[in-house]
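[1] No sequence on hand, only this structure:
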């Protein structure tokens, strides 16, 4: 059972066991997690952030972060892909909680069964949220047509609406970064180019936008390029980093559990004892456990602060960027230690630990990367570069 709201069973142990049983097959076939997706929809998980008035579960960020850790422990790629829908619904919740209804339609439509994709990342765009290589062409009625290529568009086979952004370079007040939502259909080309080392079931294919239309009532922001205190960017940054950290924390936790089970069963010919009695292995696993134990409490604390409208001011971005880096780097170290104590069988492509090793590498490529996170933290504590 979960630690979610009373009376609601979302990700039961039985459901997670079924999801775990399918993960290896999806990975081997480089296939989308169709059965997982159908089951998660059936239990209402994609409506986790949607309030009860719209048919959802009304969970907090802290509750969903905990569930994402558990889901990632069963199937990292499934959790990572679902994250992208949860980011948009989570941002809508964060804005609504702060008196901004501009994304309330996301909560309403998610409650009606729509699935939201996160179409933001662009190849070579190190400005991330603060710039874009995608063209946003203004339309006479206030809408925008987007043309450009988005990469790492998770949930590619399943999303029905895409939250995206582009650069308006032609309006009188240009340049502006325009954020809007487009429907799947005309002007959308999904490229089947997801053939990666890990996180294969996420099917995070590239999406080519060719004049994809965001109607005027789905254009949610026109912002100046560069860092901006707007609530939308605050919501994206905080929810994205907290939920991403949750996924990789779940990977580390699962790797630690597998390693503990393995060393209790492996016998040493030298000593005649299980490897769990070997001092070196005990030290290595203890180190992994010490590192791992720090993450879940920090995720819970920051997610609860977000839920409770705690004002960290300019430190918010530093805190969640640091969380993301700490979670992904720790997960990598924990998985590495788990493999080192588990023996050569973990090098097999059929090994769950081997798959976790490949999946955890994806954490290197999500924003904020190590360099930008350190820059963000330095600016928060030391001020901007002169």
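    Done, it's in. Because the structure is predicted, anything quoted here is derived from the model rather than measured. Numbers count the residues shown, from 1 in each chain.

[2] how's the chain carved up into domains?
    As given by automatic domain parsing, the domain ranges for the chain are 13-116, 119-223, 231-382.

[3] At which residues are the helices of the stretch 51-200 of the chain located?
    61-74, 76-97, 104-111 (DSSP state H, counting those that start in this stretch).

[4] Which strands and helices lie in contact with the longest one?
    Read that as helix 76-97. helix 13-29, helix 34-42, helix 61-74, helix 104-111, strand 116-119, helix 231-265, helix 352-360 (3 or more C-beta pairs under 8 Å, 6 or more residues apart in numbering; DSSP states H and E). (C-beta placed from N, C-alpha, C; glycine too.)

[5] Would you mind listing the outside residues contacting the last one?
    Contacts with helix 352-360, where a contact means C-beta atoms under 8 Å, 6 or more residues apart in numbering, come from 23-24, 27, 76-77, 197-199, 248, 251-252, 254-255, 258-259, 328, 331-332, 335-336, 338-339, 342, 346-349.

[6] Check the offset of it from the chain's centre.
    Remark: helix 352-360 is offset 17 Å from the chain centroid, using C-alpha atoms, centre = their mean, to the nearest Å.

[7] Past that helix, which element shows up next along the chain?
    Proceeding N to C from helix 352-360, the next assigned helix or strand is helix 370-382, under DSSP states H and E.

[8] Need the winner for burial among the domains of the chain.
    Mean neighbour count (mean count of other C-beta atoms under 10 Å) peaks for domain 13-116 among the domains of the chain, with a mean of 21.

[9] Between the two ends of that one, how far is it?
    Length of domain 13-116, first residue to last, C-alpha to C-alpha, to the nearest Å: 26 Å.

[10] now swap in stretch 220-234 and tell me
    Distance across stretch 220-234, first residue to last, is 14 Å (C-alpha to C-alpha).

[11] Leaving out the residues flanking it, which one is nearest to residue 370?
    The spatially closest residue to residue 370, leaving aside those adjacent along the chain, is residue 325, at 5.7 Å (C-beta to C-beta, 6 or more residues apart in numbering).

[12] I'd like to check which residues are in contact with residue 80.
    So residue 80 contacts 72, 154, 199, 202, 247, 362 (C-beta under 8 Å, 6+ apart).

[13] switch to 6 Å and redo it
    Residues near residue 80 by C-beta atoms under 6 Å, 6 or more residues apart in numbering: 199, 202, 247.

[14] re the thing from before, can you tell me the helix or strand for the residue nearest to residue 370?
    helix 315-342.

[15] now for that helix, which elements pack on it?
    Under the contact definition 3 or more C-beta pairs under 6 Å, 6 or more residues apart in numbering; DSSP states H and E, helix 315-342 sits against helix 231-265, helix 279-293, helix 352-360, helix 370-382.

[16] Columns distance to residue 308 on top of these, output as TSV?
    TSV is the format used below for the helices and strands packed on helix 315-342 (distance: least, C-beta to C-beta, whole Å):
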stretch	distance to residue 308
helix 231-265	13
helix 279-293	24
helix 352-360	31
helix 370-382	21
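
[17] Between these, which one is closest to residue 159.
    Taking C-beta to C-beta, helix 231-265 is the member of the helices and strands packed on helix 315-342 nearest to residue 159, at 16.1 Å.

[18] by how many degrees do the closest one and helix 279-293 diverge?
    160 degrees (axes from the mean of the first three to the mean of the last three C-alpha atoms, to 10 degrees).

[19] Against which helices or strands is helix 231-265 packed?
    So helix 231-265, by 3+ C-beta pairs under 6 Å, 6+ apart, packs with helix 61-74, helix 76-97, helix 279-293, helix 295-307, helix 315-342, helix 352-360.

[20] Let me see the residues that make contact with stretch 105-125.
    47, 50, 54-56, 84-85, 87-89, 92, 133, 150-153, 155, 158-164, 207.

[21] end-to-end on stretch 130-138?
    End-to-end distance (C-alpha to C-alpha), stretch 130-138: 19 Å.

[22] Ok, stretch 364-372 next?
    Start-to-end, stretch 364-372 (C-alpha to C-alpha) is 12 Å.

[23] Give me the contacts around it.
    The contact list for stretch 364-372 (C-beta under 6 Å, 6+ apart) reads 128, 244, 321, 324-325.

[24] could those be laid out in TSV, adding pLDDT?
    Converted to TSV, these look like this (pLDDT from 0 to 100):
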residue	pLDDT
128	92
244	98
321	96
324	97
325	97
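
[25] Let me know the closest of the residues you listed to residue 237.
    Using C-beta to C-beta, the contacts of stretch 364-372 come closest to residue 237 at residue 321, 8.0 Å.

[26] Isn't residue 30 up against residue 199?
    No: if you go by C-beta atoms under 6 Å, residue 30 and residue 199 don't touch, sitting 10.6 Å apart.
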